[in-house]
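Chemist: Starting from these lines, generate the structure:
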Amino acid sequence: GAAATETMKPTQSTKNDVYLYNYAYTSQVDFAWDTGLMEAANLTDDPGYASHGAEVGVLWGNFFDLSLPFPTPTEEEQQMGLELRARWANFVKHGTPNVAGQYEGW
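Modeler: Below you'll find the model as predicted:
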């Protein structure tokens with residue numbers, strides 16, 4: 001969003017590319033959704049919001065949260081995890097999170 005863009009402005013004078021990582025995928029194991037914090041913050045009408053660290057379970061494909069039994073990842077969550085791993089690996093290897101054939105709007 002606008003606040004993140006303002007935060008990144010000082011890096012625009014550098015010679016290297018700078019990427020802003022904004023994870024906004026809502027999964028079934030987002031702690032804030034699971035515990036009712038989203039409702040308390042009145043954010044239930046914003047499906048494009050994820051709480052801090054929400055990508056960890058999706059990224060590694062092993063969901064964990066405070067409720068048992070652990071949910072089984074959906075097909076969509078599995079695909080999101082594959083994309084996250086590919087982008088993170090590509091960033092480490094090549095300095096860019098962009099992966100050929102996938103959205104390159106980073």
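
Chemist: what about Leu82, distance to His52?
Modeler: Leu82 sits at a distance of 22 Å from His52 (criterion: Cβ to Cβ, to the nearest Å). C-beta coordinates here come from the backbone N, C-alpha and C atoms, glycine included.

Chemist: ok, those two, which is more surrounded?
Modeler: In terms of neighbours (other Cβ atoms under 10 Å), Leu82 is the more surrounded of Leu82 and His52; the figures are 13 against 10.

Chemist: so who does the more buried one touch?
Modeler: Not one residue lies near Leu82 by Cβ atoms under 8 Å, 6 or more residues apart in numbering.

Chemist: And the one 10 residues further on, by the same measure?
Modeler: When contacts are counted by Cβ under 8 Å, 6+ apart, Val92 touches no other residue.

Chemist: and Ser27, how many neighbours does it have?
Modeler: Neighbours of Ser27 using other Cβ under 10 Å come to 20.

Chemist: How confident was the prediction at it?
Modeler: On pLDDT, Ser27 comes in at 79.

Chemist: what does the one 5 residues further on give?
Modeler: Turning to Ala32, the model gives it a pLDDT of 75.

Chemist: Dump the one helix or strand it maps to to PDB, restricted to CA.
Modeler: Assessed by DSSP states H and E, Ala32 sits inside helix 31-34. Output of helix 31-34 as PDB, limited to C-alpha atoms (Å, rounded to 0.1, in the frame of the first residue of the first chain):
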ATOM      1  CA  PHE A  31      -3.600 -17.000  13.800                       C
ATOM      2  CA  ALA A  32      -5.500 -13.700  13.800                       C
ATOM      3  CA  TRP A  33      -8.400 -15.300  12.000                       C
ATOM      4  CA  ASP A  34      -8.300 -18.400  14.100                       C
END
